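Undergrad: Kindly generate the corresponding structure for this input.
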Amino acid sequence: MTSGAHRHAQEVCEPGLSLYARALREGRVARAAAEETPCLLTAGLLTPDPDDPGLLEPVPPAVALHRGLRSLADRVADERGHAARLVETFEPFLRLTPHPTAAPESPAIGVLSGPARINEAITSAMAEARREMLCIQPYTAPADRPPTVHLLPMERDQAFLDRGCRIRTLYQHTLRHAPTIAARYEQIRGDVEARTLDEVTDRLILLDRTVAFVPANKERSLALEVRHPALTAYFATTFERLWELATPMYPEAVRQPTLNGVTPRQRAVATLLVEGHTDAVIADRLGMNVRTTRVHIARLAAGLGSESRAQLGYLIARSGILDQERDPT
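TA: Residues are numbered from 1 along each chain as shown. Prediction:
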């Protein structure tokens, strides 16, 4: 499925959705039945049957959802990369005019250098905010250490909440039981919610949907302060869509069920494995170390009776593991 198809997946018409449901129930539909609903092929929800060109097979919902979600994250990353390249392009010219004759308006996109300057800007924006803060906190696993995560200073968050504001945070599922996360929520008071996803975008702090802070380089020593309305609206929409797909963690935790002996983490690993990713890529995408990833793969292989990686991918696709839907509530 192309990235353009991903963008239109949510625009499938009602007759198309009905035909897709029928294809899932019956296993395939006649190609002629889809002539009135070309949106299904455009969105990649139906694919040709390799044994009969007159039939179409449905793409499993879990696979279609995962691909669409990943495409959304990739587009957010592309926008951030474009913003970072703009900053790099114009930064030398900005140094040529260090003392402007008139105070310029606040730029739509500014670059912040160093942790102290970044935290100062976030603190200032939080002091001005009056409604909510939306956060995304991913996690990159170290090789042999327990999960850790950067947390905003507790006092700053508490002062924000004490003014009647709200905080919602999306964590990567790896951090669901991290001691630092649990300790944080035991101490905080106010309107706070947290959820988790197997995969999230890069870090994001969005205040009142008017100012956002995102990393500007891999080391996170630079950050972008974004005040462009189109970009902040895009970040807010992305957050809300990810939030609806996420599993509640606080104030009431929901535990994803183990279905047919397969855990939610194993299903996430299985999805990426079927796509052909290496152990290292799977570990990076899911916020695990490679050793833990290989343990999950070994358990999948044992459960399905696989003797090779190629056979494992085939058995996963045949097993129905990827068809098991998650309950986002």
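
Undergrad: Would you agree Gly313 is in contact with Val274?
TA: Yes - under the criterion of Cβ atoms under 8 Å, Gly313 makes contact with Val274 at 5.2 Å. All C-beta atoms are positioned from the backbone trio N, CA, C, and that covers glycine.

Undergrad: quick one, which of the two is more surrounded?
TA: Neighbours per residue (other Cβ atoms under 10 Å) separate Gly313 from Val274, with Val274 holding more: 19 against 16.

Undergrad: need the contact list for Ala165.
TA: Wrong residue type there; residue 165 is Cys, not Ala. By Cβ atoms under 8 Å, 6 or more residues apart in numbering, the contact list for Cys165 reads Ala129, Arg130, Arg131, Glu132, Met133, Gly190, Asp191.

Undergrad: Need the three-state assignment for the residue nearest the centre of the chain.
TA: Centroid-nearest residue in the chain, with Cα atoms, centre = their mean: Val200, separated by 2.5 Å. Recorded secondary structure, Val200: coil (DSSP: H, G, I helix; E, B strand; the rest coil).

Undergrad: Val192 too?
TA: For Val192, the assignment made with three-state DSSP gives strand.

Undergrad: if I look at it, how far off is Arg209?
TA: From Val192 across to Arg209, the span is 18 Å (Cβ to Cβ, to the nearest Å).

Undergrad: got it, and Glu79?
TA: Per Cβ to Cβ, Glu79 is found 16 Å from Arg209.

Undergrad: what mean pLDDT does the strand or helix carrying Thr271 have?
TA: According to DSSP states H and E, Thr271 maps onto helix 264-274. Model confidence over helix 264-274 averages 79 on the pLDDT scale.

Undergrad: Downstream of it, the next helix or strand is which one?
TA: Once the chain leaves helix 264-274, the next helix or strand it forms, by DSSP H and E, is helix 279-286.

Undergrad: Put the alpha carbons of that next one into CSV.
TA: Extracted as CSV, the C-alpha positions of helix 279-286 are listed here (Å, rounded to 0.1, in the frame of the first residue of the first chain):
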residue,chain,number,x,y,z
ASP,A,279,15.6,-8.2,15.0
ALA,A,280,17.4,-4.8,15.5
VAL,A,281,14.8,-2.9,13.6
ILE,A,282,12.0,-4.6,15.5
ALA,A,283,13.7,-3.8,18.8
ASP,A,284,14.1,-0.2,17.8
ARG,A,285,10.5,0.2,16.6
LEU,A,286,9.0,-1.3,19.8
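
Undergrad: mind listing the helices for this structure?
TA: 3-8, 14-26, 39-42, 61-95, 115-128, 154-162, 179-187, 229-245, 264-274, 279-286, 290-304, 309-319 (DSSP state H).

Undergrad: Dump those into CSV; add distance to Glu219 as well.
TA: Converted to CSV, the helices of the chain look like this (distance: least, Cβ to Cβ, whole Å):
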stretch, distance to Glu219
helix 3-8, 28
helix 14-26, 44
helix 39-42, 40
helix 61-95, 13
helix 115-128, 11
helix 154-162, 23
helix 179-187, 21
helix 229-245, 22
helix 264-274, 26
helix 279-286, 16
helix 290-304, 22
helix 309-319, 34
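
Undergrad: Of these, which is nearest Leu55?
TA: Smallest distance to Leu55 across the helices of the chain (Cβ to Cβ): 9.6 Å, for helix 14-26.

Undergrad: so how far is that closest one off the chain centroid?
TA: Centroid displacement of helix 14-26 relative to its chain, using Cα atoms, centre = their mean, to the nearest Å, is 27 Å.

Undergrad: Then stretch 41-59?
TA: Distance, centroid of stretch 41-59 to centroid of chain: 28 Å (Cα atoms, centre = their mean).
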